[in-house]
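In: what's the 3D shape of this:
(one chain, ligands or ions: 1)
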Amino acid sequence: MTTFTIADFEKAIDITCDTVIANEKYFSDLDGLAGDGDFGTSLATGFKVIKKDLPEIDKSAIGAMMLKISMICSKHVGGSSGPIWGTGFMRAGMVGKGLEEVSYQQLTEMLGSAIEGIVARGGAKRGDKTLLDALWPIHDKMQEMDGSDMGAVLAAITAEADKAIDETRSSVAHRGRASQVGERSANTPDPGIVGVATILRDWCKAYGVDYTPNARELQVSSVKDL
Ligand SMILES: [Mg+2]
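Out: Residues are numbered from 1 along each chain as shown. Purely as a prediction, here's the structure:
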């Protein structure tokens, strides 16, 4: 049976830090198409702290590590993203409380709990064009699969996030800063959804899982090339 250890989480978080830091400008420029252009910088500011602190932070249990990461997000990730990502890690950590490893089912539960927390915090609904429109189908897909082939799971959930970019691009944002510009947010991607998809695409690369991106946003690294 597949299990995920503290070291597995540490590696995945470390890859995530590298992705967020590398895409700081790109994610901010994507946000600037309809929002205030701070998403990449907000996220990167926090993930630079996570990257720096990761070797030292409490790794006595998965929950303890997630809680610490949650606290860094709340403190250092700016804008509306801080409370969202902070809540997500905190709620995921509650499922991993005291555990040195989790099963695939528990991993799925961690995401489900993170989603519930983010919904409670921000009140977004399906189709509101927030990062939840990527997280919900990812969670659904994880529940459908049994986790016996994690390469297949990773490719499948990356495809869900990739698809969410296209499915939400034409809709108007109803939550977050982009909602304030109304119609102008139509025909621009949601940077949070692109962020989730980009992180997963990089997990595929790091874990040697073949994945060919579909959405244009995953094929370029600058808004000039969109
Ligand atoms: Mg913004």
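
In: now the most centrally placed residue in the chain: closest residue in space that isn't a chain neighbour?
Out: By Cα atoms, centre = their mean, the chain has its centre lying nearest to residue 196, at 3.8 Å. Distances taken as Cβ to Cβ, 6 or more residues apart in numbering place residue 134 nearest to residue 196, at 4.2 Å, with adjacent residues excluded. Where you see a C-beta, it was placed from the backbone N, CA and C, and this is true even at glycine.

In: what sits against that neighbour?
Out: 160, 161, 164, 165, 192, 193, 196, 197 (Cβ atoms under 8 Å, 6 or more residues apart in numbering).

In: biggest separation within those, which pair?
Out: Using Cβ to Cβ, the pair of these lying farthest apart is 160 and 192, separated by 14.5 Å.

In: one step back: check which helix or strand covers the residue nearest to the centre of the chain.
Out: helix 191-206 (DSSP states H and E).

In: follow-up on the earlier one: more neighbours: residue 160 and residue 192, which one.
Out: Per other Cβ atoms under 10 Å, whichever of residue 160 and residue 192 has more neighbours is residue 192, with 29 against 21.

In: ok, the more buried one - contacts?
Out: 39, 81, 130, 131, 134, 176.

In: low-confidence stretches in this structure?
Out: 1, 175-178, 181-182, 184 (pLDDT under 70).

In: residues of the chain that sit close to the ion?
Out: 31, 35, 36, 38, 39, 177 (Cβ under 5 Å from the ion).

In: reformat those as TSV; add secondary structure and neighbour count.
Out: Putting the residues of the chain next to the ion into TSV (DSSP: H, G, I helix; E, B strand; the rest coil; neighbours: other Cβ atoms under 10 Å) gives the following:
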residue	secondary structure	neighbour count
31	helix	30
35	coil	25
36	coil	16
38	coil	19
39	helix	30
177	helix	17
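
In: for stretch 26-43, measure first residue to last.
Out: 12 Å (Cα to Cα, to the nearest Å).

In: mind checking which of the contacts of residue 192 are in helices?
Out: 39, 81, 134 (DSSP state H).

In: wait, doesn't the second one sit right on residue 36?
Out: No: at 11.5 Å, residue 81 does not count as touching residue 36 under the criterion of Cβ atoms under 8 Å.

In: and stretch 143-150, how far from the chain's centre?
Out: Offset of stretch 143-150 from its chain centre (Cα atoms, centre = their mean, to the nearest Å): 19 Å.

In: list the buried residues for that stretch?
Out: Of all the residues in stretch 143-150, those buried under the rule 16 or more other Cβ atoms under 10 Å are 147, 150.

In: for it, give me every contacting residue.
Out: For stretch 143-150, the surrounding residues in contact (Cβ under 8 Å, 6+ apart) are 2, 103, 104, 105, 107, 108, 152, 153, 156, 207.

In: so what's the residue count around the second one?
Out: Same thing as residue 103. 14.

In: what's the answer for the fifth one, then?
Out: Residue 107: 24 surrounding residues under other Cβ under 10 Å.

In: quick one: residues contacting it.
Out: 4, 142, 147.

In: residues in contact with the residue lying closest to the last one once chain neighbours are set aside?
Out: Spelled out, that is residue 147. Once flanking residues are discounted, residue 147 sits nearest to residue 104: 2.8 Å by Cβ to Cβ, 6+ apart. Going by Cβ under 8 Å, 6+ apart, residue 104 touches 1, 2, 3, 4, 142, 146, 147, 150, 153.

In: so of those, which ones are in helices?
Out: 142, 150, 153.
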